[in-house]
Every structure is written in structure tokens, then in C-alpha cells.
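Q: Predicted coordinates and the sequence they were generated for:
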Amino acid sequence: MHQTSQQLITTLGLEPHPEGGYFKETYRSKGTISQEELGDRYRGNRNYSTGIYFLLTSDQFSALHRIKQDEVWHFYDGSPLKLHMITPEGKHSEHIIGRDLTKGETPQFMVPGGCWFGAEVINPDSYSFVGCTVAPGFDFTDFELGNKHQLITLFPHSAELIERLTHQ
Ligand code: GUN
């Protein structure tokens, strides 16, 4: 593994994430929103907002997954990251999260709730260090990892991408 990424894992105490990569929750608001106020889409109460550090290395990928809430990605360091998104209607798009504005990279990107998304590090032998913030706050109950076969059946036009960015 890239030396700096190992340092980030050790220094920041990052843990493996089920989607791939490493993370640590850095913020969870004290305040909560009740199930009643959230409505039927959520089961249970949620914090107002949460944030994580997220580190992806070039020998891994962030597997296609979806959550219920919008998620804002913030670029911190390393290689730019290619984020793939598939809307519920099946429209695929790519977004480069990075700092080189002259190349069309964006330091922040928002993934709308309900979209499938995954990511890969652009530079070889490198890593991308980013942050991800959601509101309402993150709960693994709202997190769904994509199943290769089910996603290809739903979105046959993106079969090649789904093949590459799913584990199961
Ligand atoms: N907390 C644990 N996993 C995640 C994640 O994938 N995104 C966000 N925003 N918070 C998390």
C-alpha cells in the first residue's frame, strides 16, 4: 500500500468500510430528528448530520451503493477521484472530485439520495483522501450495497461499470 495512505490510516485511526476503502466518523450532531418528522422513508430517529474521513487506495474501489440522504463529498488530498453515479432512472454520469479546476475537477460534489454511486482513484499507485457529509445523519440501516446481478438487470446499459464496481 502507498506509504502516505498507511500513515493516514494509522494516524487518523481509519477502519475498513464495507463499500471498500477506510473511514472514520469525525462528526455526529448531538441533535436528533424524530422518526415522525423524518416520515416513512426512515425507520427510527436520526442525528441532524454526520461526517466522515474517507480514504480510497488505487488497489481498491468504492463499490456501488446507495443511501437515502444526499451526501456531500469534499476533496482533501492525493489523487483526484472518479465518482460514478446512476440515477434511479438509469442515467449514468461521472464526476471528478479534485482540486484542479482547470481540468474540470470539483472540490465538492453532492450525490442525491437514492442514486447508486461508487468511486475509483484516478492515479495509479496512489490514494484519494476525502470527506463525506450527510444530513440526516448516517445510519447503516439506510445503506445498501449493490448486488451485481440485480443492478445489471436494472441498468443493462451500465453492465460494464457495474461488473467493475461491485463485489457480490
Ligand atoms: N458513516 C459510515 N459510513 C458512512 C458513509 O458511507 N457515508 C457517510 N456520510 N457516513 C458514513
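A: Now that the structure is in, tell me what you want to look at. These numbers come from a predicted model, not from an experiment.

Q: Number of residues surrounding the residue in the chain that the ligand sits nearest to?
A: For the chain, the residue closest to the ligand is F138, as judged by CB to the nearest ligand atom, at 3.5 Å. Backbone N, C-alpha and C define where each C-beta goes, glycine included. Taking other CB atoms under 10 Å as the criterion, the count of residues near F138 is 23.

Q: I'd assumed T50 was in contact with it.
A: Yes - in this structure F138 lies within contact range of T50 using CB atoms under 8 Å: 4.5 Å.

Q: shared neighbours of the two, anything?
A: Both F138 and T50 are contacted by E25, under the criterion CB atoms under 8 Å, 6 or more residues apart in numbering.

Q: residues contacting the residue of the chain closest to the ligand?
A: Applying CB under 8 Å, 6+ apart to F138 gives the contacts 25, 50, 52, 67, 69.

Q: contact partners of the worst-scoring helix or strand of the chain on mean pLDDT?
A: Across the helices and strands of the chain, mean pLDDT, DSSP states H and E gives its lowest value to helix 3-12, namely a mean of 94. For helix 3-12, contacts defined as CB under 8 Å, 6+ apart pick out 14, 22, 24, 53, 55, 57, 78, 127, 129.

Q: farthest-separated two in these?
A: Using CB to CB, the contacts of helix 3-12 reach their maximum pairwise distance at K24 and G78, which is 16.1 Å.

Q: Of the two, give the one with the bigger neighbour count.
A: G78 (23 against 16).

Q: Isn't that one up against I122?
A: No - counting by CB under 8 Å, I122 is not a contact partner of G78; they are 9.7 Å apart.

Q: The residue nearest the centre of the chain: what's it in contact with?
A: Residue closest to the mean C-alpha point of the chain, counted by CA atoms, centre = their mean, is G118 at 6.1 Å. With contact set as CB under 8 Å, 6+ apart, G118 has these partners: 19, 61-65, 83-84, 146, 165-166.

Q: Helices of the chain, start to end?
A: 3-12, 35-38, 148-154, 159-164 (DSSP state H).

Q: for the third one, packing partners?
A: Right, helix 148-154. helix 159-164 (3 or more CB pairs under 8 Å, 6 or more residues apart in numbering; DSSP states H and E).

Q: list the buried ones in the helix it packs on?
A: Judged by neighbour count (16 or more other CB atoms under 10 Å), helix 159-164 contains these buried residues: 161-162.
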